[in-house]
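Novice: below are the sequence and a predicted model for it; my questions follow.
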Amino acid sequence: MTRALMLGLAWLALMVAPFSEAAAQGDGDNPSSESAPLQQEDRSASAAEEGSLVGDDSPSPSAQESSPSTATVREGDPVMAVPGTGDLSLDDLAPGARIVSDGEPLSMGDAVALAIRNGLDVEVDRYAPLIADAEAGTAWGAYDPLLSGDARYEVLKTPNTFALNPVSQNRDRIRGGGVGVSQLVPYLGATLSARFDGRGTATRSRLQSLDEQFDSSFFVNARIPLLRNLIWNEAWTNVRLSGLASDTAELQFRQALMDNVQATVNRYWALVAARDRVRVTQKSLETARALLDQTKTQYEVGVVSQVEVVEAEAGVANREFELIQAANSFRNEQDLLIEAVYGTKLVASTTLQIVPTEDLQAYRLRPVDAEQSVAKAFTNRPELAVAKTTIQQSEASLKFAKSQRLPQLDAEGRYGYVGISGQGNRQLADFNPGDGIPPVIPGNTSFADGTDDFFSRDGSNNWRVQGIFSVPIPNTAGRRGVDRSRFELQRSKSQLIRLEQRIVLEVRAASRTLLSAAQRIEAAERRRLAAEEQLRAERIRLEHGESTPFEVLQREEDLVEAESQKINALQLFQAAEIALFRSEGTILERHAIEVDAVRAPVR
């Protein structure tokens, strides 16, 4: 607002106030107006309260003539309150108010360490590598040996159609089972299995030489793919992809850790900057109040007009507004940093206040070499490693797709032994074939006797070799699968190139911003010194009657703006420096953070 506008508003207030007061008195004389006494009482209380806001027990001239619609806070009015934070009232505007109070000292290093240990974001990110590692282990489970077994009891009845067997129905009672083990061979995709089966059969047939008869067998099978699923089969591809996904999760945790450190550092410096802004604003308010008292004294002795008093009061009100805003921002930054470094310790009743031990003024400009920083970024950035891992995953998927495009050609071999033993069938004694030759009843043997000849020359060995071939025509799924995997691989490579280019832009921008921030700090300091000298000179002019309170307030505003500008430049420098370390991928090393030491979940 220009000086002419402020003078115009002050003159308008002086001219309108008598008419407003006369109109109010006229309403008081009208008996039909029931609300007039209450309105007059509100105006009196408002004027008295407004006078107290500027630090004077008696109403100021401008307060006596202010508009009756001005909203004020009177003693006893309810104010909004938050548990643990006190009343959001006018306490911050009291002289000597301790907005920045004593609290828990906290250095930058401690803030970063606490944020990694207590931060909820980091705690959530810690589980991603563990989950990915568990999934990788699950993929290897496809190669676990599979042990299987079964047991059965069965009764079979069939009508007899054999003339030499005198029974009307054949009934076989079968009991038995088997046990086996199978194994999928890693990498090759071959399948190996071995199985032993045993069965006992009791029958009514008089023609069977054994009752009960024990059948046993042991076979070894092998099946290996020669085209489709050779090496790049589903199980091996899942192992490769899940392993790469686990590596990606580790890299992404490192990336999240870097982002968390950067955010914590920025929050720390944001709190320091907010604290400095509160101090600057408090000092500005003290200066404006002292000038208001001086202007009132000069008004009482007739040196200045009432317009100068109004200008000084407007300056105080403006600085009170800025202080309220600065205090609110400071407390918000407190909560953000407390939540970042202490996690769940931030509750509704938290009264903790952090006192940063670092100073924005203690900055140091380091040499910046964009080319060297880009080289570091290409070596250290986890995002690049993730992109390269994605390419490896796409390559594995393409190899699997090419394998699935081939025809199926499997070779299978089977080798084993069979054996028979059992109890002699006594019903053979009643059998008379008519040639006078008595039947031979075998001797009794146990179930184990049937396996005696296994793996020997006398054993009944069996073997089989076969080939299995199949191919879909025209194999649309296989051909389209290869096309899709090839496109995904090309996209992954393009994403890597794009990411490298973005990293170059990030490093160049961070380097340029860091140098620019250092130059801004120097320029802001020169402006601050000039504004400070201009304010001192303007005060001297005011003492000699050559200036006005408004002009002094303008110079003081220039000084506050210059100091705030320097604070912003210092904060920008710190943010640009940590952004450069983040873009280089060296932020963890700069803060001496070992990823392996902070990987384990805390909760």
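Specialist: Thanks, I have the structure now. Worth saying up front: this structure is predicted, and the values here are computed from it rather than measured.

Novice: CA only for contacts and neighbour counts going forward, please
Specialist: OK.

Novice: show me how far whatever helix or strand Ala517 lives in is from its chain's centre.
Specialist: Taking DSSP states H and E as the criterion, Ala517 maps to helix 476-543. In this view, helix 476-543 has its centroid 23 Å away from the chain centroid, taken as C-alpha atoms, centre = their mean, to the nearest Å.

Novice: now the angle from the very next helix or strand once past that helix to helix 476-543?
Specialist: Downstream of helix 476-543, the first helix or strand assigned by DSSP H and E is helix 549-584. Angle of helix 549-584 versus helix 476-543, following axes from the mean of the first three to the mean of the last three C-alpha atoms, to 10 degrees, is 150 degrees.

Novice: may I see the buried residues of the helix or strand following helix 549-584?
Specialist: As assigned by DSSP H and E, the chain's next helix or strand after helix 549-584 is helix 587-590. Buried positions in helix 587-590, judged by neighbour count with 16 or more other C-alpha atoms under 10 Å: 587-588.

Novice: what's helix 587-590 packed up against?
Specialist: With contacts taken as 3 or more C-alpha pairs under 8 Å, 6 or more residues apart in numbering; DSSP states H and E, helix 587-590 sits against helix 234-300, helix 549-584.

Novice: so which of these is nearest Ser492?
Specialist: The closest of the helices and strands packed on helix 587-590 to Ser492 is helix 234-300. By C-alpha to C-alpha, the value is 14.1 Å.

Novice: same question for that closest one, mean pLDDT?
Specialist: With pLDDT averaged residue by residue, helix 234-300 scores 94.

Novice: tell me what that helix is packed against?
Specialist: Looks like helix 234-300 contacts helix 108-118, helix 120-140, helix 306-342, strand 354-356, helix 382-405, helix 549-584, helix 587-590 (3+ C-alpha pairs under 8 Å, 6+ apart).

Novice: of all the ones you listed, which lies closest to Trp232?
Specialist: Closest among the helices and strands packed on helix 234-300, using C-alpha to C-alpha: helix 382-405, at 5.0 Å.

Novice: so the closest one versus helix 234-300, what angle?
Specialist: Going by the same axes, to 10 degrees, helix 382-405 makes 150 degrees with helix 234-300.

Novice: and the contacts of helix 382-405?
Specialist: 227-230, 232-234, 237, 240-241, 244, 247-248, 251-252, 254-255, 378, 475, 477-479, 481-482, 485-486, 488-489, 492-493, 495-496, 499-500, 585 (C-alpha atoms under 8 Å, 6 or more residues apart in numbering).

Novice: which SSE is immediately downstream of it?
Specialist: strand 408-424.

Novice: buried sites along that next one?
Specialist: Within strand 408-424, the residues scored as buried using 16+ other C-alpha under 10 Å are 408-410, 412, 414, 416-424.

Novice: for Asp453, state which of the residues you listed is nearest.
Specialist: Nearest to Asp453 among the buried residues of strand 408-424, with distances taken as C-alpha to C-alpha, is Gly419, at 7.5 Å.

Novice: how many other residues sit next to the closest residue to that closest one other than its chain neighbours?
Specialist: Among residues not flanking Gly419 along the chain, Gly450 sits closest, at 4.6 Å (C-alpha to C-alpha, 6 or more residues apart in numbering). Gly450 has 21 neighbours, counted by other C-alpha atoms under 10 Å.
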